[in-house]
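Asker: Here is a sequence with its predicted model. Questions after.
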Amino acid sequence: MEASTFDTMAADTADGQPTFTLELNQDQKDIRDWVHGFAEGVVRPAAAEWDEREETPWPIIQEAAKIGLYGFEGLAQFFADPTGLTLPVVNEELFWGDAGIGMAIMGTGLAVAAIFGQGTPEQMGEWIPRCFGSVEEPKVAAFCSSEPDAGSDVSAMRTGAKYDATTDEWVLNGQKAWATNGGIADVHVIIASVDRELGARGHAAFLVPIEAAGIEQGAKVKKHGLRASHTSDVHLDDCRIPAADVLGGKEKLDERLARVREGKKSSGQAAMQTFEASRPTVGAQAVGIARAAYEYSLAYAKERKQFGRPIIDNQSIAFTLADMKMEIDAARLLVWRAAWMGRSGHRFENAEGSMSKLKAGEVAVMCGERAIQILGGNGYTREFPVERWARDAKIYTIFEGTSEIQRLVIARAISGLRIR
Ligand SMILES: Cc1cc2nc3c(=O)[nH]c(=O)nc-3n(C[C@H](O)[C@H](O)[C@H](O)COP(=O)(O)OP(=O)(O)OC[C@H]3O[C@@H](n4cnc5c(N)ncnc54)[C@H](O)[C@@H]3O)c2cc1C
């Protein structure tokens, strides 16, 4: 399989122990093959249908739950890998199967990452299982940061959370846009401003269950790609939740806000913390789409004959495939580096998380477009999957920070300047 084609690159020390390797260990290979089997046998055959239906593929989410791929235990097992590689490996395989269904399965992960990263142990214990539901009745979760006027510019967020001391509750008002699983999720993690004057540093993340009064799904978005994944606006109209349901707890939030008001450093912004941690995983999803497009067009180019010989016999086609393969491997290496850095506590000094997502997203778009070209007329039809992969790939240069914003983050990190 493609992901295993890395040769071992080991530098032996005096005691014969390798200090560096890019070879997956047996556990990682087993998980990769297991997810690949699901992607090949269950996800890919269903991909065209759910893309056309533009609906959440609940039966497939349930199949994933049955085998332990969808659920807290599965995610915890992937995350527990100290090398950090299991999570991107799983995502690459699943999204190789199909990105729309992949996102329907993995979209919950962003909300879970927020709860895991910023929640108290009690909040994790209570809310993370709720995000997934059960095998009999799977649920999904949503992470809602973007708003109609606050996409790249998170600091422009207008959704507010006011503390009501008389009832010891938070009252949320505002509108969220483009939320994956918005309105159909059992748990919504809502980013809202508690102090507008502090900009993004006045934001906090709130746990809003679907049964809370005042939360409602807005318009469902009709999309170019990723159509098996539900995307919607979410309206919050005097939505009340208990004071304890701010991620990290109210006491910690009050302390953080006090530090910021005194001009001291705080531990960061609510939405940005989640995005930074999830970027390599998102990059791995894009690598999966790119690989699907590459493998399909490579096989096609060997089969398809024009002028009496396979089209791969032409350098222009073969070189295109060579570039696709090289770029995919380069993107994967950046993803693995960032995943390893994130898991092993290395700081992203040069925005390595952003680099991985930026490169992988652009490679996926390039591979999708070139795959269509290699398939010619067939590539442009819905009878062949490459047009879907090209449509799906495009979102990877837009969500979780556009390519321009990733370049901005990298430029600021390497220069130390507030580049605009
Ligand atoms: C399918 C889908 C799923 C999504 N899921 C979620 C979700 O689950 N949760 C969530 O919170 N959001 C989600 N989003 C929203 C997504 O994160 C935003 O669309 C994205 O952040 C870009 O914001 P925007 O659309 O407002 O674009 P804008 O910010 O308006 O950007 C428009 C263009 O201007 C460029 N630009 C903006 N500012 C600068 C700058 N300073 N320098 C250079 N260029 C700049 C951008 O790069 C882009 O090319 C989703 C979106 C989609 C389409």
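Answerer: Here it is on my side, so go on.

Asker: Tell me how far the residue of the stretch 251-400 of the chain found nearest the ligand lies from residue 286.
Answerer: Nearest to the ligand, among the residues of the stretch 251-400 of the chain, is residue 399, at 4.0 Å (Cβ to the nearest ligand atom). Bear in mind the C-beta positions are built from the backbone N, C-alpha and C, glycine included. Distance, residue 399 to residue 286, by Cβ to Cβ, to the nearest Å: 11 Å.

Asker: who has more neighbours, those two?
Answerer: When residue 399 and residue 286 are compared for neighbours, residue 286 comes out ahead with 33 against 19, by other Cβ atoms under 10 Å.

Asker: Now do the same contact list for that one.
Answerer: By Cβ atoms under 8 Å, 6 or more residues apart in numbering, the contact set of residue 286 is 95, 331, 357, 360, 361, 363, 364, 393, 396.

Asker: where does the residue of the stretch 251-400 of the chain closest to the ligand land in three-state SS?
Answerer: Taken by DSSP: H, G, I helix; E, B strand; the rest coil, the conformation at residue 399 corresponds to coil.

Asker: What number of residues are in the vicinity of the residue nearest to residue 228 when sequence neighbours are not counted?
Answerer: Counting by Cβ to Cβ, 6 or more residues apart in numbering, residue 228 lies nearest to residue 100, which is 3.2 Å off, once chain neighbours are set aside. Burial of residue 100 is recorded as 29 neighbouring residues (other Cβ under 10 Å).

Asker: Quick one: distance of the one helix or strand residue 100 maps to to the chain centre.
Answerer: Secondary structure from DSSP states H and E places residue 100 in helix 99-106. Computed by Cα atoms, centre = their mean, to the nearest Å, the chain-centroid distance of helix 99-106 equals 10 Å.

Asker: What helices and strands are in contact with that helix?
Answerer: Other elements packing on helix 99-106 under the criterion 3 or more Cβ pairs under 8 Å, 6 or more residues apart in numbering; DSSP states H and E are helix 44-53, helix 58-66, helix 86-97, helix 270-303, helix 386-394.

Asker: The third one versus helix 58-66: what angle between them?
Answerer: Yep, that's helix 86-97 we're talking about. 150 degrees (axes from the mean of the first three to the mean of the last three Cα atoms, to 10 degrees).

Asker: neighbours around the closest residue to the ligand within the chain, how many?
Answerer: Evaluated by Cβ to the nearest ligand atom, the chain has residue 151 as its residue closest to the ligand, separated by 1.7 Å. Using other Cβ under 10 Å, residue 151 has 17 neighbouring residues.

Asker: What of the one 4 residues further on?
Answerer: Counted with other Cβ under 10 Å, the burial measure for residue 155 works out to 15 neighbours.

Asker: for it, what are its contacts?
Answerer: With contact set as Cβ under 8 Å, 6+ apart, residue 155 has these partners: 199, 200.

Asker: next one: phi and psi at it?
Answerer: Main-chain dihedrals, residue 155, degrees, to the nearest 10: phi -70, psi -20.

Asker: quick one: the nearest residue to residue 413 once chain neighbours are set aside from residue 279, how far?
Answerer: Closest residue in space to residue 413, ignoring its immediate chain neighbours: residue 351 at 4.0 Å, by Cβ to Cβ, 6+ apart. Distance check for residue 351 against residue 279: by Cβ to Cβ, it reads 9 Å.

Asker: If anything else comes up later, I'll come back, but that's it for now.
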